[in-house]
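1. With the input below, show me the fold.
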Amino acid sequence: MKLFARKPSDGSHNSKLIRRPMQRWCWLFLLPTFAAFCIGFLWPFFQGLFLSFCKFKVTKIWTWVGFSNYVQAFSDPSFLHAFWYTAVFAVVSLVLINVLAFAVAYALTQNIKGSNLFRTVFFMPNLIGGIVLAFIWSMIFDGILVAYGTSILLKTEFGFWGLVILMCWQQIGYMMIIYIAGLQAVPEDLIEAAKIDGASKWQTLIKVTIPNVMPSITICTFLTLTNSFKLFDQNFALTGGRPFVMLADGTTVKTTEMLALNIYNSFYTNLTNRGVGQAKAVIFFILVVALGLIQLKATRSKEVQQ
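-> Residues are numbered from 1 along each chain as shown. Okay, here's the model as predicted:
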(Lines give C-alpha, C1' and ligand atoms only; values in the text may rest on other atoms or scores of the structure.)
Protein backbone atom coordinates (compact mmCIF):
# COMPACT_ATOMS: atom_id res chain seq x y z
CA MET A 1 0.00 0.00 0.00
CA LYS A 2 1.45 3.29 -1.01
CA LEU A 3 1.52 5.99 1.59
CA PHE A 4 1.09 9.54 0.51
CA ALA A 5 2.81 12.29 2.52
CA ARG A 6 0.70 15.30 3.24
CA LYS A 7 1.73 18.12 1.00
CA PRO A 8 2.29 21.34 2.90
CA SER A 9 -0.16 24.09 2.11
CA ASP A 10 0.97 27.08 0.11
CA GLY A 11 0.15 29.37 3.05
CA SER A 12 2.62 27.75 5.46
CA HIS A 13 5.29 27.61 2.75
CA ASN A 14 4.88 31.31 2.01
CA SER A 15 4.99 32.22 5.72
CA LYS A 16 8.33 30.44 6.05
CA LEU A 17 9.68 32.34 3.07
CA ILE A 18 8.59 35.62 4.65
CA ARG A 19 9.90 34.73 8.14
CA ARG A 20 13.44 33.90 7.02
CA PRO A 21 14.42 37.37 5.71
CA MET A 22 12.69 39.00 8.72
CA GLN A 23 14.79 36.92 11.12
CA ARG A 24 17.89 37.71 9.12
CA TRP A 25 17.36 41.49 9.11
CA CYS A 26 15.59 42.00 12.45
CA TRP A 27 18.79 43.45 13.96
CA LEU A 28 18.54 46.30 11.46
CA PHE A 29 15.22 47.37 12.99
CA LEU A 30 16.46 46.92 16.56
CA LEU A 31 19.67 48.88 15.98
CA PRO A 32 18.14 52.42 16.18
CA THR A 33 16.37 51.61 19.47
CA PHE A 34 19.47 49.99 20.94
CA ALA A 35 21.63 52.94 19.82
CA ALA A 36 19.21 55.41 21.40
CA PHE A 37 19.25 53.37 24.63
CA CYS A 38 23.05 53.37 24.73
CA ILE A 39 23.36 57.09 23.91
CA GLY A 40 20.51 58.27 26.13
CA PHE A 41 20.93 55.96 29.13
CA LEU A 42 23.98 53.69 29.29
CA TRP A 43 26.61 56.27 28.33
CA PRO A 44 25.35 59.04 30.68
CA PHE A 45 24.96 56.50 33.49
CA PHE A 46 28.51 55.14 33.29
CA GLN A 47 29.93 58.62 32.71
CA GLY A 48 28.14 59.86 35.82
CA LEU A 49 29.37 56.86 37.79
CA PHE A 50 32.95 57.63 36.73
CA LEU A 51 32.64 61.35 37.47
CA SER A 52 31.42 60.59 41.00
CA PHE A 53 35.03 59.60 41.75
CA CYS A 54 36.41 62.82 40.24
CA LYS A 55 36.70 66.49 41.07
CA PHE A 56 35.39 68.56 38.17
CA LYS A 57 33.70 71.76 37.08
CA VAL A 58 32.91 70.58 33.56
CA THR A 59 32.75 66.96 32.46
CA LYS A 60 35.75 67.17 30.12
CA ILE A 61 38.15 68.51 32.77
CA TRP A 62 38.39 66.23 35.80
CA THR A 63 40.80 65.06 38.50
CA TRP A 64 40.57 61.61 40.07
CA VAL A 65 39.92 61.85 43.84
CA GLY A 66 38.66 58.34 44.63
CA PHE A 67 36.08 58.03 47.41
CA SER A 68 36.62 61.58 48.66
CA ASN A 69 33.33 62.76 47.14
CA TYR A 70 31.41 59.98 48.87
CA VAL A 71 33.03 60.82 52.21
CA GLN A 72 31.98 64.46 51.80
CA ALA A 73 28.47 63.39 50.81
CA PHE A 74 27.95 61.22 53.89
CA SER A 75 29.44 63.89 56.15
CA ASP A 76 27.13 66.59 54.76
CA PRO A 77 24.44 67.29 57.42
CA SER A 78 22.03 68.67 54.82
CA PHE A 79 22.24 65.41 52.82
CA LEU A 80 21.64 63.28 55.92
CA HIS A 81 18.69 65.48 56.94
CA ALA A 82 17.25 65.25 53.42
CA PHE A 83 17.56 61.46 53.55
CA TRP A 84 15.58 61.07 56.79
CA TYR A 85 13.08 63.73 55.75
CA THR A 86 12.50 61.93 52.44
CA ALA A 87 12.22 58.55 54.19
CA VAL A 88 9.51 59.81 56.56
CA PHE A 89 7.71 61.53 53.69
CA ALA A 90 7.83 58.34 51.59
CA VAL A 91 6.36 56.20 54.39
CA VAL A 92 3.52 58.64 55.12
CA SER A 93 2.73 59.10 51.41
CA LEU A 94 2.91 55.36 50.76
CA VAL A 95 0.32 54.60 53.42
CA LEU A 96 -2.05 57.49 52.72
CA ILE A 97 -2.04 57.25 48.93
CA ASN A 98 -2.59 53.50 48.77
CA VAL A 99 -5.21 53.35 51.53
CA LEU A 100 -7.21 56.25 50.08
CA ALA A 101 -6.81 55.08 46.47
CA PHE A 102 -7.97 51.57 47.37
CA ALA A 103 -10.92 52.93 49.36
CA VAL A 104 -12.03 55.14 46.46
CA ALA A 105 -11.57 52.30 43.95
CA TYR A 106 -13.53 49.89 46.14
CA ALA A 107 -16.37 52.42 46.50
CA LEU A 108 -16.50 53.09 42.75
CA THR A 109 -16.79 49.35 41.95
CA GLN A 110 -19.95 48.97 44.04
CA ASN A 111 -22.29 49.94 41.18
CA ILE A 112 -22.95 53.47 42.42
CA LYS A 113 -24.41 56.11 40.12
CA GLY A 114 -21.97 58.44 38.40
CA SER A 115 -18.96 56.18 39.00
CA ASN A 116 -17.48 56.98 35.57
CA LEU A 117 -17.71 60.72 36.29
CA PHE A 118 -16.02 60.27 39.67
CA ARG A 119 -13.22 58.24 38.07
CA THR A 120 -12.55 61.04 35.61
CA VAL A 121 -12.60 63.74 38.31
CA PHE A 122 -10.23 61.81 40.59
CA PHE A 123 -7.83 61.06 37.73
CA MET A 124 -7.62 64.62 36.37
CA PRO A 125 -5.01 65.97 38.88
CA ASN A 126 -2.53 63.40 37.55
CA LEU A 127 -2.68 65.11 34.15
CA ILE A 128 -1.43 68.42 35.56
CA GLY A 129 2.31 69.04 35.85
CA GLY A 130 3.92 68.93 39.28
CA ILE A 131 5.22 72.52 39.19
CA VAL A 132 1.80 73.88 38.20
CA LEU A 133 0.15 71.90 41.01
CA ALA A 134 2.75 73.14 43.48
CA PHE A 135 2.11 76.80 42.62
CA ILE A 136 -1.66 76.26 42.86
CA TRP A 137 -1.42 74.59 46.27
CA SER A 138 1.10 77.18 47.45
CA MET A 139 -1.50 79.91 46.90
CA ILE A 140 -4.16 77.79 48.62
CA PHE A 141 -2.02 77.07 51.68
CA ASP A 142 -0.77 80.64 52.04
CA GLY A 143 -4.32 81.92 51.54
CA ILE A 144 -5.37 79.89 54.57
CA LEU A 145 -2.27 80.40 56.73
CA VAL A 146 -2.10 84.18 56.19
CA ALA A 147 -5.16 84.47 58.44
CA TYR A 148 -3.00 83.05 61.24
CA GLY A 149 -0.03 85.29 60.47
CA THR A 150 2.21 82.56 59.06
CA SER A 151 3.15 80.87 55.79
CA ILE A 152 3.98 77.42 54.48
CA LEU A 153 7.59 78.60 54.14
CA LEU A 154 7.96 79.51 57.82
CA LYS A 155 7.43 76.14 59.52
CA THR A 156 8.82 72.71 58.66
CA GLU A 157 5.56 71.01 59.67
CA PHE A 158 3.55 73.12 57.24
CA GLY A 159 5.93 72.32 54.41
CA PHE A 160 5.89 68.59 55.19
CA TRP A 161 2.13 68.21 55.28
CA GLY A 162 1.76 70.53 52.32
CA LEU A 163 3.94 68.18 50.27
CA VAL A 164 1.99 65.16 51.54
CA ILE A 165 -1.35 66.72 50.59
CA LEU A 166 -0.01 67.72 47.17
CA MET A 167 1.41 64.25 46.54
CA CYS A 168 -1.83 62.55 47.61
CA TRP A 169 -3.98 64.83 45.50
CA GLN A 170 -1.88 64.13 42.42
CA GLN A 171 -1.30 60.38 42.83
CA ILE A 172 -4.52 58.98 44.34
CA GLY A 173 -6.44 59.15 41.04
CA TYR A 174 -3.74 57.28 39.13
CA MET A 175 -3.44 54.54 41.75
CA MET A 176 -7.23 54.35 41.88
CA ILE A 177 -7.37 53.31 38.21
CA ILE A 178 -4.90 50.48 38.86
CA TYR A 179 -6.87 49.29 41.88
CA ILE A 180 -10.13 49.40 39.92
CA ALA A 181 -8.58 47.13 37.27
CA GLY A 182 -7.46 44.74 40.00
CA LEU A 183 -10.85 44.72 41.75
CA GLN A 184 -12.69 44.05 38.51
CA ALA A 185 -10.41 41.05 37.88
CA VAL A 186 -11.37 39.32 41.15
CA PRO A 187 -13.38 36.17 40.22
CA GLU A 188 -17.07 36.62 41.04
CA ASP A 189 -17.43 32.96 42.00
CA LEU A 190 -15.01 33.48 44.90
CA ILE A 191 -17.07 36.38 46.23
CA GLU A 192 -20.30 34.40 45.80
CA ALA A 193 -18.75 31.42 47.59
CA ALA A 194 -17.74 33.67 50.49
CA LYS A 195 -21.32 35.01 50.75
CA ILE A 196 -22.75 31.49 50.73
CA ASP A 197 -20.36 30.53 53.53
CA GLY A 198 -21.75 33.41 55.60
CA ALA A 199 -18.79 35.77 55.36
CA SER A 200 -19.50 39.44 56.04
CA LYS A 201 -18.44 42.20 53.64
CA TRP A 202 -15.43 42.98 55.84
CA GLN A 203 -14.38 39.32 55.96
CA THR A 204 -14.82 39.01 52.20
CA LEU A 205 -12.69 42.11 51.69
CA ILE A 206 -9.87 40.88 53.94
CA LYS A 207 -9.88 37.18 53.08
CA VAL A 208 -10.90 37.20 49.40
CA THR A 209 -10.64 40.59 47.70
CA ILE A 210 -7.33 41.93 49.03
CA PRO A 211 -5.35 38.67 48.45
CA ASN A 212 -6.56 38.63 44.84
CA VAL A 213 -5.70 42.32 44.38
CA MET A 214 -2.10 41.86 45.56
CA PRO A 215 -0.65 42.28 42.01
CA SER A 216 -2.24 45.74 41.87
CA ILE A 217 -1.01 46.51 45.39
CA THR A 218 2.51 45.50 44.31
CA ILE A 219 2.41 47.91 41.37
CA CYS A 220 0.91 50.79 43.33
CA THR A 221 3.25 50.50 46.31
CA PHE A 222 6.24 50.34 43.97
CA LEU A 223 5.15 53.43 42.05
CA THR A 224 4.28 55.35 45.21
CA LEU A 225 7.55 54.48 46.94
CA THR A 226 9.79 55.36 44.01
CA ASN A 227 7.83 58.52 43.12
CA SER A 228 8.03 59.71 46.74
CA PHE A 229 11.81 59.31 46.83
CA LYS A 230 12.25 60.90 43.40
CA LEU A 231 10.00 63.88 44.15
CA PHE A 232 11.65 67.05 42.87
CA ASP A 233 9.52 69.55 40.98
CA GLN A 234 6.77 69.74 43.63
CA ASN A 235 9.37 70.20 46.36
CA PHE A 236 11.21 72.81 44.31
CA ALA A 237 8.10 74.86 43.52
CA LEU A 238 6.15 74.51 46.78
CA THR A 239 8.80 75.18 49.44
CA GLY A 240 12.20 75.23 47.72
CA GLY A 241 13.52 73.50 50.85
CA ARG A 242 12.63 76.42 53.15
CA PRO A 243 12.74 77.27 56.04
CA PHE A 244 16.46 77.31 56.93
CA VAL A 245 18.25 76.21 60.08
CA MET A 246 21.77 77.34 60.97
CA LEU A 247 23.87 74.69 62.73
CA ALA A 248 26.59 75.40 65.30
CA ASP A 249 29.36 74.96 62.70
CA GLY A 250 27.73 77.52 60.40
CA THR A 251 26.24 74.96 58.02
CA THR A 252 22.84 75.86 56.61
CA VAL A 253 20.24 73.09 56.41
CA LYS A 254 17.00 73.45 54.47
CA THR A 255 14.46 71.65 56.64
CA THR A 256 11.96 70.70 53.89
CA GLU A 257 14.58 69.81 51.28
CA MET A 258 14.21 66.28 49.91
CA LEU A 259 16.94 64.11 48.40
CA ALA A 260 16.41 65.02 44.74
CA LEU A 261 16.38 68.75 45.51
CA ASN A 262 19.45 68.40 47.75
CA ILE A 263 21.36 66.70 44.94
CA TYR A 264 20.29 69.43 42.51
CA ASN A 265 21.43 72.19 44.86
CA SER A 266 24.72 70.41 45.61
CA PHE A 267 25.54 70.02 41.94
CA TYR A 268 24.65 73.54 40.81
CA THR A 269 25.82 75.55 43.84
CA ASN A 270 29.17 73.83 44.49
CA LEU A 271 30.96 75.17 41.42
CA THR A 272 34.42 74.15 42.67
CA ASN A 273 33.63 70.43 42.83
CA ARG A 274 30.48 69.05 41.28
CA GLY A 275 31.71 65.54 41.99
CA VAL A 276 30.08 65.65 45.43
CA GLY A 277 26.68 66.19 43.86
CA GLN A 278 27.40 63.41 41.39
CA ALA A 279 28.34 61.07 44.25
CA LYS A 280 25.07 61.92 45.98
CA ALA A 281 23.23 61.07 42.76
CA VAL A 282 24.88 57.62 42.62
CA ILE A 283 23.97 56.99 46.27
CA PHE A 284 20.43 58.11 45.50
CA PHE A 285 20.20 55.73 42.52
CA ILE A 286 21.43 52.75 44.57
CA LEU A 287 19.01 53.61 47.38
CA VAL A 288 15.93 53.85 45.14
CA VAL A 289 16.79 50.64 43.26
CA ALA A 290 17.42 48.73 46.50
CA LEU A 291 14.19 49.91 48.12
CA GLY A 292 12.21 49.14 44.97
CA LEU A 293 13.57 45.59 44.75
CA ILE A 294 12.96 44.93 48.46
CA GLN A 295 9.39 46.18 48.16
CA LEU A 296 8.70 44.10 45.05
CA LYS A 297 10.02 40.95 46.73
CA ALA A 298 8.00 41.60 49.90
CA THR A 299 4.68 42.17 48.15
CA ARG A 300 5.06 39.56 45.42
CA SER A 301 5.52 36.87 48.06
CA LYS A 302 1.95 37.59 49.21
CA GLU A 303 0.34 37.36 45.77
CA VAL A 304 -2.22 34.61 45.20
CA GLN A 305 -1.24 32.13 42.51
CA GLN A 306 -4.18 31.59 40.16
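2. residues contacting the closest residue to residue 119 other than its chain neighbours?
-> Sequence neighbours aside, residue 108 is the residue nearest to residue 119 in space, at 6.1 Å (criterion: Cβ to Cβ, 6 or more residues apart in numbering). C-beta: built from backbone N, CA, C; applies to glycine. Residue 108 makes contacts with 115, 118, 119, 176, 180, as judged by Cβ atoms under 8 Å, 6 or more residues apart in numbering.
3. try 10 Å this time
-> Applying Cβ atoms under 10 Å, 6 or more residues apart in numbering to residue 108 gives the contacts 114, 115, 116, 118, 119, 122, 176, 177, 179, 180, 183.
4. same deal with residue 100?
-> 122, 168, 171, 172, 175, 176.
5. next structured bit after the biggest helix by length in the chain?
-> Of all segments of type helix in the chain, defined using DSSP state H, the longest is helix 77-108. Later in the chain than helix 77-108, the nearest helix or strand by DSSP states H and E is helix 115-123.
6. And the contacts of residue 100, which is closest to residue 301?
-> residue 175 (21.0 Å; Cβ to Cβ).
7. which residues in this protein form strands?
-> Along the chain, the stretches classed as strands by DSSP state E are 54-58, 61-64, 244-246, 252-254.
8. Pick the most deeply packed of those.
-> strand 252-254 (a mean of 18; mean count of other Cβ atoms under 10 Å).
9. Direction included, what does that one pair up with?
-> Strand pairing for strand 252-254, determined by DSSP bridges: strand 244-246 (antiparallel).
10. What lies in contact with the strand it pairs with?
-> Contact with strand 244-246 is made by 77, 78, 81, 153, 156, 251, 252, 253, 254, 255, 256, 257, as judged by Cβ under 10 Å, 6+ apart.
11. Out of those, which one has the weakest pLDDT?
-> Lowest-confidence member of the contacts of strand 244-246: residue 251, scoring 79 (pLDDT).
12. count of residues packed around the residue nearest to residue 105 when sequence neighbours are not counted?
-> Leaving aside its chain neighbours, residue 105 sits nearest to residue 179 (3.6 Å; criterion: Cβ to Cβ, 6+ apart). By other Cβ atoms under 10 Å, 24 other residues sit near residue 179.
13. what about the residue positioned nearest the centre of the chain, distance to residue 90?
-> Centroid-nearest residue in the chain: residue 227, 2.6 Å away (criterion: Cα atoms, centre = their mean). Applying Cβ to Cβ, to the nearest Å, the value for residue 227 to residue 90 is 9 Å.
14. now residue 215
-> As judged by Cβ to Cβ, residue 215 and residue 90 stand 22 Å apart.
15. who's more crowded, those two?
-> residue 90 (22 against 17).
16. Could you double-check that the more buried one sits in contact with residue 260?
-> No. With contacts counted by Cβ atoms under 10 Å, residue 90 stays clear of residue 260, the gap being 11.8 Å.
17. Spell out which residues are contacts of both of those two.
-> The contact lists of residue 90 and residue 260 share 229, 230, 231, where a contact means Cβ under 10 Å, 6+ apart.
18. of the residues you listed, buried ones?
-> Among those, those buried by neighbour count (16 or more other Cβ atoms under 10 Å) are 229, 231.
19. Model confidence at the residue nearest to residue 180 when sequence neighbours are not counted, what's the number?
-> With sequence-adjacent residues excluded and distances taken as Cβ to Cβ, 6+ apart, residue 180 is closest to residue 105, at 4.6 Å. Looking at residue 105, its pLDDT stands at 93.
20. could you list every residue that touches residue 105?
-> Residue 105 makes contacts with 119, 122, 172, 175-184, 213, 216, 220, as judged by Cβ under 10 Å, 6+ apart.
21. redo that, cut-off 6 Å
-> 176, 179, 180, 183 (Cβ atoms under 6 Å, 6 or more residues apart in numbering).
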